[in-house]
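Enquirer: My questions concern the predicted model and sequence given below.
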Amino acid sequence: MALPHLTASHFKEQRIVNEPSAMPVRVRFAPSPTGPFHIGGARTALFTWLFARRHGGTFILRIEDTDRKRYDPEALRLLLDGLRWLGIDWDEGPEVGGEFGPYFQSERTELYRQWADWLIEHDKAYRCYCTPERLAEVRERQKTNRESLGYDRHCRNLTPAERDQQHAETGGHYVVRLKMPLDGETTVHDILRGDITFDNRQLQDLVLLKSDGFPTYHLANVIDDHFMQVSHIMRAEEWISTAPVHKHLYDAFGWPTPKIAHLPVILSPSGKGKLSKRSVAFTDGGRKVPVLLHEFVEAGYVPEALVNFLTNVGWSFGDDREVFTVQETIERFDLDRVNPAGSAFPLEKLDWLNGLYIRDMAPDKLAALLKPVFEHAGYTPSDDQVLAVVPLVQPRIKTLNEAIDFVGFIFADTFTPAPPEDLIQKKMDAAGTKAALEQALAALEGLPDFDAATQEAALRPLAKELGLNPGQLFGALRVATTAQQVAPPLFETMAVLGRDTSLARIRGAIASLDHTG
RNA sequence: GCCCCCAUCGUCUAGGGGACCAGGACGUGGCCCUUUCAAGGCCAAGACUGGGGUUCGAAUCCCCAUGGGGGCACCA
């Protein structure tokens, strides 16, 4: 009988027991306003928010605007709008405040500076006077010598006299670096992965305070998470490698380390590399893969579908269910069903889900969503016109934008007839098509009403009479009235178009067939 | 190069030593329905990366290999 090993399954058992801890759940999403809102960030925000809501905790939004060079004032608006669009609300943060503010790191610089000084005073950190040029040189040398890359700790070993001299020479220009242990190991506990152990010799004396006086992520993050009483850190997987540094920072301050879960990354649909705005990917169909949240909005996805989709990537509902509401997700979301493996972005599944949600939607709600889409495409339909068109598109579109191809022509100011040859259906010729259209025209003209059912009652027997398949007659009429080979069902379409317009177009088609003979 | 993480159908996933000749979903193919396109219904093909252990028994636990991913900034 072998001794039981400490295995992943042990962690999982422990996790379930320990999860509802006495400490109130306080989690944060802490984006950096340096550019558009990335879908990966949106997923991290969603999972964090779901976790907070599931545990009756507090969801904090904190803006990590400590990078002056990359700061983008537009980014914050995109971020807040994006979160709201997804239905993610925050209990503390911009616009709502909270007792642990301010929630913009740029307004907390004094705090970071104080604690950086504290670290220096307590010999946990040191001032580094190395210029970017020297750092680059060190780097180059390490590369040519095939050594492992990193700061050589030059300033850590300065004598007090040398330090004073450097201070004077550089005009007090310095960064603050954390004094990491030079040997031994550091173990970080990740909720999804268990213990992760690092060799301290691989770890860096990372910069905590930049020469412009702003903190780096490492410092600001640790200080804020501590003072904002964050219980669980949830962030993307790319932070794993700096987690041990953060652990040492907490230890240096003498603060407890929050529980940490590194969420898996979303990969490009090909599975090759992170889903990135820099390396634009395309689907097999040649469609550009959306990456930024506003690209999903513009592509005609609806928030309920995107949220449902995002929860299906890296997390699973269980019970073999793929479709569920946010409320249902909140009721059962937890970290133990988060898959630590990165996943390719299954865009086709989003299309399917989006279509599902569209078909499920109340017609007036769909109309409200569709109107701006039509307007963006250059049409100006009235509310009633959009509502009339909803039944035509609702069962057949996967994204809102697809409605434009189906029914956009209905709102167009001018009608461009299809070339006459397009009117001619399979196994038909120009003369036969012309005759069929003339017969149909006559039948339609005499109708007491122009609703779909009345039209059908007249035209279906006519097709038989003419010895045509329904598809032949209806196809010719479809092209005549819509100038499209693909359109919503004919009778409904003509009903929306109106009798006058429909008949005029049929007459035009008949005339165009004269010229082809 | 160094460090770290991960590994089930093409893809997203279920799976926690026996209930697994591995379940669901998307996509794909076929059939039905049909007025083009959809939607809907039915059916089908399709995976435990490899090798060693542990065990009566491994998709599941351990090790190695391989593959993929992430990181190695005065960016987050």
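Expert: Yes, it's here.
Enquirer: Can I get stretch A:392-410 in CSV, CA atoms only?
Expert: In CSV, the C-alpha atoms belonging to stretch A:392-410 read as follows (Å, rounded to 0.1, in the frame of the first residue of the first chain):
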residue,chain,number,x,y,z
LEU,A,392,-38.7,38.3,-41.5
VAL,A,393,-35.2,38.2,-40.0
GLN,A,394,-35.7,36.9,-36.5
PRO,A,395,-35.5,33.2,-37.4
ARG,A,396,-32.6,33.6,-39.8
ILE,A,397,-29.9,35.9,-38.5
LYS,A,398,-27.1,35.0,-36.2
THR,A,399,-25.8,38.5,-35.7
LEU,A,400,-27.8,41.7,-35.8
ASN,A,401,-25.8,42.9,-38.8
GLU,A,402,-27.0,40.1,-41.0
ALA,A,403,-30.4,41.7,-41.0
ILE,A,404,-29.1,44.3,-43.4
ASP,A,405,-28.4,41.8,-46.1
PHE,A,406,-31.8,40.2,-45.7
VAL,A,407,-34.1,43.2,-45.5
GLY,A,408,-32.0,46.3,-46.0
PHE,A,409,-33.4,46.7,-49.5
ILE,A,410,-36.8,47.3,-48.0
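Enquirer: Give me the phi and psi angles of A:R177.
Expert: The phi/psi pair for A:R177 (degrees, to the nearest 10) reads phi -120, psi 150.
Enquirer: Can you give me the pLDDT of it?
Expert: You'll see A:R177 listed with a pLDDT of 97.
Enquirer: show me the contacts for it.
Expert: Taking C-beta atoms under 8 Å, 6 or more residues apart in numbering, we find A:R177 in contact with A:A125, A:Y126, A:R127, A:C128, A:Y151, A:C155, A:R156, A:D205, A:L206, A:V207, A:L208. From N, CA and C alone the C-beta is placed, and that goes for glycine too.
Enquirer: How is A:P181 assigned, secondary-structure-wise?
Expert: coil (DSSP: H, G, I helix; E, B strand; the rest coil).
Enquirer: correct me, but it touches A:H248?
Expert: Yes: the criterion here is C-beta atoms under 8 Å, and A:P181 meets it with A:H248 at 7.2 Å.
Enquirer: For these two, work out which one has more neighbours and name it.
Expert: Set A:P181 next to A:H248 and count neighbours by other C-beta atoms under 10 Å: A:H248 wins out with 22 against 13.
Enquirer: Poorly predicted segments of chain A, please.
Expert: Within chain A, the stretches with pLDDT under 70 are A:1-22, A:277-286, A:515-517.
Enquirer: Next one: the spatially most central residue of it from RNA strand B, what distance?
Expert: With distances taken as C-alpha atoms, centre = their mean, the residue of chain A nearest its centroid is A:I39 (2.3 Å). Distance from A:I39 to RNA strand B, counting by C-beta to the nearest atom of the strand, to the nearest Å: 14 Å.
Enquirer: OK, contacts around that residue?
Expert: Counting by C-beta under 8 Å, 6+ apart, A:I39 touches A:I266, A:L275, A:P290, A:V291, A:L292, A:L293, A:F296, A:L310.
Enquirer: mind running it again at 6 Å?
Expert: Counting by C-beta atoms under 6 Å, 6 or more residues apart in numbering, A:I39 touches A:V291, A:L293.
Enquirer: Now it. Its backbone dihedrals?
Expert: The phi/psi pair for A:I39 (degrees, to the nearest 10) reads phi -60, psi -30.
Enquirer: re earlier: so of the contacts of A:R177, which ones are in strands?
Expert: The strands, defined by DSSP state E, take in A:A125, A:Y126, A:R127, A:C128, A:V207, A:L208 from those.
Enquirer: Could you grab the helix/strand/coil label for A:A509?
Expert: A:A509 ends up helix, using three-state DSSP.
Enquirer: Neighbours of it, how many?
Expert: Neighbours of A:A509 under the rule other C-beta under 10 Å: 24.
Enquirer: For it, list the residues it contacts.
Expert: Contact analysis of A:A509 by C-beta under 6 Å, 6+ apart lists A:L423, A:L437, A:A480.
Enquirer: Without its sequence neighbours, what residue ends up closest to it?
Expert: A:A480 (3.6 Å; C-beta to C-beta, 6 or more residues apart in numbering).
Enquirer: of all the residues in the stretch 151-300 of chain A, which ones are close to RNA strand B?
Expert: Applying C-beta under 7 Å from any atom of the strand, one finds that the stretch 151-300 of chain A approaches RNA strand B through A:151, A:173, A:175, A:193-194, A:196-199, A:202, A:204, A:207, A:210-212, A:214-217, A:237-242, A:264-265, A:267, A:269, A:271-274.
Enquirer: that's a helix at A:H167, yeah?
Expert: Yes: the assignment for A:H167, made by three-state DSSP, places it in a helix.
Enquirer: What separation do you get for it and RNA strand B?
Expert: 13 Å.
Enquirer: quick one: that residue and A:G56, what's the gap?
Expert: To A:G56, A:H167 is 51 Å away according to C-beta to C-beta, to the nearest Å.
Enquirer: more crowded one of these two?
Expert: It is A:H167, of A:H167 and A:G56, that has more neighbours when counted by other C-beta under 10 Å, with 15 against 8.
Enquirer: and the gap between that one and A:C155?
Expert: Between A:H167 and A:C155 the computed distance is 11 Å (C-beta to C-beta).
Enquirer: Centre of the chain to the host helix or strand of A:A440, how far?
Expert: Assigned by DSSP states H and E, A:A440 belongs to helix A:430-445. Centroid separation for helix A:430-445 versus its chain: 51 Å, with C-alpha atoms, centre = their mean, to the nearest Å.
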